[in-house]
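S.K.: Provided below are the primary sequence and the corresponding predicted coordinates.
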Amino acid sequence: MEYIKLKEYWLSEEKKIFEGWDFSYIAERKSEEPLPWNYDKMVQQYLSANSILLD
């Protein structure tokens, strides 16, 4: 895609209304990879057997 068309596309996307937590409009345009760390394992090391944690 040439620069001018890409910039026009970007500006049109920037003008779209975005509210709340509905990310469905980008569902087909995103990619995810597994994280290199595990949140549960990281937190477990700081908890004792009697600990209560609110995330």
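M.R.: In hand now; what should we look at?
S.K.: quick one: low-confidence parts of the protein?
M.R.: Scanning the chain for pLDDT under 70 picks out 1, 53-55.
S.K.: could you pull out the helices for it?
M.R.: 3-14, 39-44 (DSSP state H).
S.K.: how about this protein, which residue sits the furthest from its center?
M.R.: In the chain, the greatest distance from the average C-alpha position (C-alpha atoms, centre = their mean) is reached by N50, at 32.8 Å.
S.K.: quick one: it from W10, how far?
M.R.: 53 Å (C-beta to C-beta, to the nearest Å). Yep, even glycine has a C-beta here, placed from its N, CA and C like the rest.
S.K.: now A27
M.R.: 19 Å.
S.K.: Same list (the helices of the chain) but as a markdown table, adding mean neighbour count.
M.R.: Listed next are the helices of the chain as a markdown table, based on neighbours: other C-beta atoms under 10 Å:
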| stretch | mean neighbour count |
| --- | --- |
| helix 3-14 | 10 |
| helix 39-44 | 9 |
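S.K.: wait, which of these is closest to S31?
M.R.: Judged by C-beta to C-beta, the one of those that comes nearest to S31 is helix 3-14, at 17.1 Å.
S.K.: export the closest one as CSV, just CAs?
M.R.: Coordinates of each C-alpha in helix 3-14 appear next as CSV, following Å, rounded to 0.1, in the frame of the first residue of the first chain:
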residue,chain,number,x,y,z
TYR,A,3,2.2,5.9,1.7
ILE,A,4,-0.7,8.3,0.8
LYS,A,5,-3.3,5.6,0.8
LEU,A,6,-2.0,4.2,4.0
LYS,A,7,-2.2,7.6,5.6
GLU,A,8,-5.7,8.2,4.4
TYR,A,9,-6.7,4.8,5.8
TRP,A,10,-5.1,5.6,9.1
LEU,A,11,-6.8,9.0,9.4
SER,A,12,-10.2,7.4,8.6
GLU,A,13,-9.7,4.8,11.3
GLU,A,14,-8.6,7.5,13.7
